[in-house]
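>>> sequence and predicted structure below; questions after.
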Amino acid sequence: GEACVTVFIPSTPTPFTGFTITVRESEVIDCQIPVDEAVRFVLTGGVLLPDKEKPISANASGAPKSLGEPKA
């Protein structure tokens, strides 16, 4: 069979708890960030980004004017 890896999925509000899943290695994207930066990202709810990541700034002109009417 294909190689598999185990992935920890943290839960909220306590990211030190969670569950693990086993997935095919070909379905995993390696983020290439150190463990300490990943833990900081999880503990802050994504507020503190890894050092090499830049926040994406929202462009108001690209925002939709309306989300439309709700579907019945």
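On my side now, so go ahead.

>>> from now on I want contacts and neighbour counts done on CA atoms only, so please keep to that.
OK.

>>> mind listing the helices for this structure?
35-43 (DSSP state H).

>>> what about the strands in it?
Ranges of strands in the chain, per DSSP state E, are 4-10, 18-24.

>>> just checking: what are the partner strands of the first one?
Partner strands for strand 4-10, per DSSP bridges, with pairing direction: strand 18-24 (antiparallel).

>>> and the contacts of the strand it pairs with?
2, 3, 4, 5, 6, 7, 8, 9, 10, 11 (CA atoms under 8 Å, 6 or more residues apart in numbering).

>>> nearest to residue 41, out of the strands of the chain?
In terms of CA to CA, the element of those nearest to residue 41 is strand 4-10, at 11.5 Å.

>>> so that closest one versus helix 35-43, what angle?
When axes from the mean of the first three to the mean of the last three CA atoms, to 10 degrees is applied, the directions of strand 4-10 and helix 35-43 differ by 50 degrees.

>>> what residues sit buried inside strand 4-10?
Using 16 or more other CA atoms under 10 Å as the test for burial, strand 4-10 gives no buried residues.

>>> use 579 as the first number for this chain going forward.
OK, 579 is where the count begins now, so the last one is strand 582-588.

>>> export that strand to PDB, keeping only CA atoms.
Taking Å, rounded to 0.1, in the frame of the first residue of the first chain, the C-alpha atoms of strand 582-588 are listed here in PDB:
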ATOM      1  CA  CYS A 582       0.500   7.000   5.300                       C
ATOM      2  CA  VAL A 583       1.100   9.700   7.900                       C
ATOM      3  CA  THR A 584      -0.700  10.600  11.200                       C
ATOM      4  CA  VAL A 585      -2.000  14.200  11.500                       C
ATOM      5  CA  PHE A 586      -3.000  15.800  14.700                       C
ATOM      6  CA  ILE A 587      -6.100  18.100  14.500                       C
ATOM      7  CA  PRO A 588      -6.200  20.400  17.500                       C
END
